[in-house]
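[1] this is a predicted model, with the sequence first.
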Amino acid sequence: MGDRQTISIRVATVVDAALLSELIQAAFSAYLVPLDPPSGALKETPEALRAKFVDHGACVAQIGGTAVGCVLFTPVDENVLYLGRLAVHPDWRRRGVARALIAFVEDEARRRGLGRLRLNTRIALTDNHRLFAACGFVEVGREAHPGFSEPTSINMEKRLA
């Protein structure tokens, strides 16, 4: 099978909070570019994630039974599903895991009758911009974190057919 093993995606539940936290921490702490301000993803403890299941959904990507990535999602209005904390363990990057997770969230949005996906990505993370653009997302705005005068993140959206 080589390097391209089958990626399976399963819905995550509150029971998966520790696993989600571990994946998010591993992925977001591995950035080669320092983020200012530091990513809030590093505060995604199991307790914090358990609380998010009130209004968030999540899924886990697995390869050969090993959890390799995850993403959270939540509706933000009557037509938009926001995806956040897209995380792929550094040992499993560049194997299609992020694209598979995004495709799962697209299907979830369609299932809910929603017409758009939205996400935010840091300006400094240019590899992420390329990935999201390749997946059909376009920039719709920029914003600055509190206390910053210049934009620190890019807002992106994808219209679903």
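    Alright, I've got the coordinates.
[2] find the centremost residue of the chain, please.
    In the chain, the centroid-proximal residue (Cα atoms, centre = their mean) is Leu86; its distance is 1.8 Å.
[3] hmm, it is touching Ala103, no?
    No. Leu86 is not in contact with Ala103 according to Cβ atoms under 8 Å; the separation is 11.9 Å. Quick note: C-beta positions are derived from backbone N, CA and C, even for glycine.
[4] residues near the residue lying closest to Asp55 once chain neighbours are set aside, how many?
    Spatial nearest neighbour of Asp55, chain neighbours left out: Thr74 (5.5 Å); criterion: Cβ to Cβ, 6 or more residues apart in numbering. Neighbours of Thr74 under the rule other Cβ atoms under 10 Å: 15.
[5] can you pull out the low-pLDDT segments for the protein?
    1-4, 32 (pLDDT under 70).
[6] the same query, at a cut-off of 80, please.
    1-4, 31-34 (pLDDT under 80).
[7] show me where it has its helices.
    17-28, 46-52, 97-111, 126-134 (DSSP state H).
[8] hmm, back to that, grab the nearest non-local neighbour of the residue nearest to the centre of the chain.
    Nearest residue to Leu86, sequence neighbours excluded (Cβ to Cβ, 6+ apart): Val71, at 4.6 Å.
[9] list the contacts of the longest strand seen in the chain.
    Secondary structure of the chain read by DSSP state E shows that its longest strand is strand 66-77. With Cβ atoms under 8 Å, 6 or more residues apart in numbering as the test, strand 66-77 has contacts from 7, 12, 19-20, 23-24, 27, 52, 55-62, 81-89, 91-92, 95, 97-98, 101-102, 104-105, 108-109, 112, 114, 118.
[10] check contacts around Val11.
    Here Val11 is in contact with 57-59 (Cβ under 8 Å, 6+ apart).
[11] can you pick the most crowded of these?
    Ala58 leads those on contacts (other Cβ under 10 Å) with 23 neighbours.
[12] and that one, bridged to which residues?
    Leu72 (DSSP bridges).
[13] number the residues from 39 up from this point.
    Let's use 39 as the start, then, which means that last one is Ala96.
[14] so who does it touch?
    So Ala96 contacts 49-50, 54, 58, 87, 90, 108-111 (Cβ under 8 Å, 6+ apart).
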